[in-house]
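K.L.:
Everything below, folded, please.
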Amino acid sequence: MTEDAALHLAESVARLLKAKGENLVTAESCTGGGVAEAITAVPGSSEWFDRGFITYSNDAKMDMLKVSADTLKTHGAVSEETAREMAAGARKALGVDVAVATTGIAGPDGGTPDKPVGTVWIGWKRRGGYAQTELFHFDGDRESVRRQTVAAALRGVQKILTS
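P.N.:
The predicted structure is shown next:
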């Protein structure tokens, strides 16, 4: 995904959030703040984006987002359960309307036969109970996996806001 494509997605998300009077929080692991970077490239983003969490370590996920130690032990950091808890924890921590969370293996190391490089879980949570997680298997090098994850995260926010 190019910078122009990321900006186009982020601008679409911005228009939708502004139209609905809603705000967004990010909780990122494998993207290292890439989703927040894309959305703060939109002028005026402070109207609908206050902050994001970068939680690379399990300790950060537990401390900042209240991801359960049992979840991390049983399912791992790269799992549906962790993505769900990250999104819910971020939304609850700030009391915002929409949260998106990313957790995955961008590479080049860290993959396993069960969770190869490119395995990414994204979770979305919206005030009122909407929650969704989705598993992705992206190809390419570390930067490519991260760019694809940012795009998928933003497309998911679009979907939530237009449902």
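
K.L.:
Disregarding flanking residues, what is the spatial nearest neighbour of residue 136?
P.N.:
residue 120 (4.5 Å; C-beta to C-beta, 6 or more residues apart in numbering). No exception for glycine: its C-beta is placed from N, CA and C like everyone else's.

K.L.:
The chain: strands as residue ranges?
P.N.:
24-28, 49-54, 98-104, 119-126, 131-137 (DSSP state E).

K.L.:
Parallel or antiparallel, which strands does the second one pair with?
P.N.:
What it means is strand 49-54. strand 24-28 (parallel) (DSSP bridges).

K.L.:
quick one: the partner strand to strand 98-104, angle?
P.N.:
If you take axes from the mean of the first three to the mean of the last three C-alpha atoms, to 10 degrees, strand 24-28 sits at 10 degrees to strand 98-104.

K.L.:
next one: strand 24-28 to chain centre, how far?
P.N.:
Taking C-alpha atoms, centre = their mean, to the nearest Å, the mean C-alpha location of strand 24-28 is offset from the chain mean by 6 Å.

K.L.:
partner residues bridging the residue positioned nearest the centre of the chain?
P.N.:
Central residue of the chain (C-alpha atoms, centre = their mean): residue 101, 2.8 Å from the mean position. Residue 101 has these beta-bridge partners by DSSP bridges: residue 27, residue 123.

K.L.:
which residues touch the residue nearest to residue 136?
P.N.:
30, 78, 102-106, 135-138, 145, 148-149, 152 (C-beta atoms under 8 Å, 6 or more residues apart in numbering).

K.L.:
ok, now how distant is the residue nearest to the centre of the chain from residue 8?
P.N.:
For residue 101, the distance to residue 8 (C-beta to C-beta, to the nearest Å) stands at 22 Å.

K.L.:
got the strands of the chain as CSV, with mean pLDDT and distance to residue 34 columns?
P.N.:
Formatted as CSV, the strands of the chain follow (pLDDT from 0 to 100; distance: least, C-beta to C-beta, whole Å):
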stretch, mean pLDDT, distance to residue 34
strand 24-28, 98, 7
strand 49-54, 95, 10
strand 98-104, 98, 8
strand 119-126, 98, 12
strand 131-137, 97, 14
